[in-house]
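Student: Here is my input, please return the structure:
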Amino acid sequence: MTKIVVTGLGAFSPLGTNATDSWNAVLDGESGARSLKYEWVEKYQIPVTFAATVPAPTSDFLERQEIKRLDPSSQFALIAAREAFADAGSPEVVPERLGVDWATGIGGVWTLLDAWDTLREKGPRRVLPMTVPMLMPNGPAAAIEMSLGARAFARTVVSACASSTESIANAYEHLTSGLADIVIAGGSEAAVHPLPMASFAAMQALSKRNDDPAAASRPYDSGRDGFVLGEGAAAIVLETEEHAKARGAKIYAYLVGGAVTSDSYHITAPDPEGSAAARAMKAAVENAGFALSDVAHVNAHATSTPVGDVAEVKALRRIFGDHLDSIPVTATKSATGHLLGGAGAIEAIFTVKALQERVIPPTINLDAQDPEVTLDVVTEPRKLPEGDLLAISNSFGFGGHNAVVAFQSA
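Tutor: Numbering: from 1, shown residues only. Okay, here's the model as predicted:
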């Protein structure tokens, strides 16, 4: 069977402008959440005044013309994808054998709403002709494939907060089925905008700790009161082991499987019993030829919402049983906030790096663990043992979307 390897990593996240800085920051227990300085926070009286925003302007990395013609979600994607491709050694590959599997949860919301304001205030002639290409959810995938010359395919997943994990699962299938030799997979989101923030706040989904943003994202803590909205992008370069070894590429880890299921339960709430989420975890592991007892680490979805965190615990307990007590679990959204469609991709990078460096990043802000969270939650960097290790990364999204990917140490 064709084996799939990870050969490149890239990130533009609330914790850093590249994958290395993001990884070091999450290991150090830093938070990417910060108070928002935008005038629209006060103008619209947004009840939540903080988010996990990227730490530098995209103008530090992109040409002026690229910024002008790309929505922020595409700008973030291009920065992360270029870094990942360079990290993989900028491999020479036949364009028809290079693909893109990308994802977003919301897409070009800044472009869409700015254009609507322009139309209302200045009329149709002032609406930019590039508005539709910029707001399209497939805009990030298109920007990446044109920048890197990928002609095998450029596909886009839009499945809320499960999006980029699903894109990685799709990339695994596309590589094992022979559709490409290399795939750039990942996701991006740029939704720190007054409308999404107002909507999330109205549904009581966001934390209201305006006085202490860095401590607001607190998965599994008894005092958690909602998630922290994040933005950014993350990308991983995946290729067949044969192709990677033929060009002498470094290998971070193996991507050994992925699975997608759906709850068919509720548009925003997870199935409280976690049955479909459990099926996704089980399938990702067993379809890869491993036993559930082989799993040595879980990077949980764990958004810091009262209902969602417990539902995932029930799903984990449903399939792992007593073995769950010996699996160290981490919730890195405590540091990054929730990148929505980009969340699974940055968490995939953290899972890969945990396997490569044999250390699990901590869950921060866990002061009093919820009694319903019957997990071994990692709160300080913890060493992983030597030998072959298997880890999974979970993502679940509005609409009942569940996606899980499994990585093996190289």
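
Student: On the three-state scheme, the nearest residue to W23 once chain neighbours are set aside is what?
Tutor: Leaving aside its chain neighbours, W23 sits nearest to K353 (4.9 Å; criterion: CB to CB, 6 or more residues apart in numbering). C-betas here are computed from N, CA, C, even on glycine. Put simply, K353 is helix when judged by DSSP: H, G, I helix; E, B strand; the rest coil.

Student: pretty sure K353 contacts N24?
Tutor: No - in this structure, K353 is not within contact of N24 by CB atoms under 8 Å, at 9.7 Å.

Student: And the two? Which one has more around it.
Tutor: K353 (24 against 15; other CB atoms under 10 Å).

Student: Show the pLDDT at the more buried one.
Tutor: pLDDT for K353: 98.

Student: Likewise for E273?
Tutor: In this prediction, E273 has a pLDDT value of 87.

Student: before we move on, which element is it in?
Tutor: Assignment of secondary structure by DSSP states H and E places E273 within no helix or strand.

Student: Could you measure from it over to R318?
Tutor: 8 Å (CB to CB, to the nearest Å).

Student: And the helices in this structure, which stretches?
Tutor: Counting by DSSP state H, the chain has helices at residues 19-27, 39-43, 64-69, 72-87, 109-122, 131-135, 139-148, 163-176, 194-202, 241-246, 275-286, 306-320, 333-336, 343-357.

Student: For the protein, give me the ranges with low pLDDT.
Tutor: For the chain, no stretch has pLDDT under 70.

Student: Could you list the domains of it?
Tutor: Here the domain parsing of the chain from automatic domain parsing is 4-246, 256-409.

Student: buried ones in stretch 8-15?
Tutor: Buried residues in stretch 8-15, counted by 16 or more other CB atoms under 10 Å: G8, L9, G10, A11, F12, S13, P14, L15.

Student: do the same with stretch 16-25
Tutor: Under 16+ other CB under 10 Å, the buried positions of stretch 16-25 are G16, T17, N18, A19, D21, S22, W23, A25.

Student: OK, contacts around L195?
Tutor: Listed by CB atoms under 8 Å, 6 or more residues apart in numbering, the contact set of L195 reads V109, L113.

Student: Ignore what I typed, I meant G186.
Tutor: G186 touches 10, 77, 80-81, 84, 102-103, 164, 167-168, 233-236, 342, 345, 348, counting by CB under 8 Å, 6+ apart.

Student: Kindly report the same for F396.
Tutor: C161, A162, P270, A277, H301, G308, E312, N402, A403.

Student: Same drill for E273 and R318, tell me which one is more crowded.
Tutor: Legend: neighbour count by other CB under 10 Å for E273 and R318, higher for R318 (17 against 14).

Student: I'd assumed G274 was in contact with the more buried one.
Tutor: Yes - here R318 reaches G274: they are 6.1 Å apart, a contact under CB under 8 Å.

Student: Give the burial count for the nearest residue to A249 once chain neighbours are set aside, as a bare number.
Tutor: Leaving out its chain neighbours, the residue that sits closest to A249 by CB to CB, 6+ apart is T7, at 4.5 Å. By the criterion of other CB under 10 Å, T7 has 24 neighbours.

Student: any idea how far T7 is from L175?
Tutor: On the measure of CB to CB, T7 and L175 end up 12 Å apart.

Student: Find residues that contact each of these two.
Tutor: In contact with both T7 and L175: L238, E239, using CB under 8 Å, 6+ apart.

Student: Confirm for me that the residue nearest to A249 is in contact with I251.
Tutor: Yes - in terms of CB under 8 Å, T7 counts as a neighbour of I251; the distance is 6.2 Å.

Student: what is in contact with these two at once?
Tutor: Contacts common to T7 and I251, judged by CB under 8 Å, 6+ apart, are A244.

Student: ok, now which ones touch the residue nearest to A249?
Tutor: D87, A88, G89, P91, V237, L238, E239, A244, A249, K250, I251, Y252.

Student: Tell me the one of these nearest M130?
Tutor: Nearest to M130 out of the contacts of T7 is V237 (CB to CB; 28.4 Å).

Student: Distance to T374 added to the buried residues of stretch 16-25, as TSV?
Tutor: Converted to TSV, those look like this (distance: CB to CB, whole Å):
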residue	distance to T374
G16	33
T17	37
N18	36
A19	33
D21	34
S22	30
W23	29
A25	29
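
Student: Taking those residues together, which two end up most distant?
Tutor: T17 and W23 (12.4 Å).

Student: Save the buried residues of stretch 8-15 as JSON lines, and put in distance to D225 too.
Tutor: As requested, the buried residues of stretch 8-15 are exported to JSON lines (distance: CB to CB, whole Å):
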{"residue": "G8", "distance to D225": "37"}
{"residue": "L9", "distance to D225": "32"}
{"residue": "G10", "distance to D225": "33"}
{"residue": "A11", "distance to D225": "27"}
{"residue": "F12", "distance to D225": "28"}
{"residue": "S13", "distance to D225": "23"}
{"residue": "P14", "distance to D225": "19"}
{"residue": "L15", "distance to D225": "22"}
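
Student: Return the closest of these with respect to D71.
Tutor: For the buried residues of stretch 8-15, the nearest to D71 is F12 (14.1 Å; CB to CB).

Student: didn't the closest one look like it was pressed against N18?
Tutor: Yes - if you go by CB under 8 Å, F12 and N18 touch, sitting 7.4 Å apart.

Student: residue contacts, V94?
Tutor: Counting by CB under 8 Å, 6+ apart, V94 has contacts D181.

Student: err, L384, not the other one
Tutor: A296, H297, P328, A354, L355, R358, V359, I360.

Student: if I look at the third one, how far off is G341?
Tutor: Just to be clear, that refers to P328. P328 is 27 Å from G341, by CB to CB.
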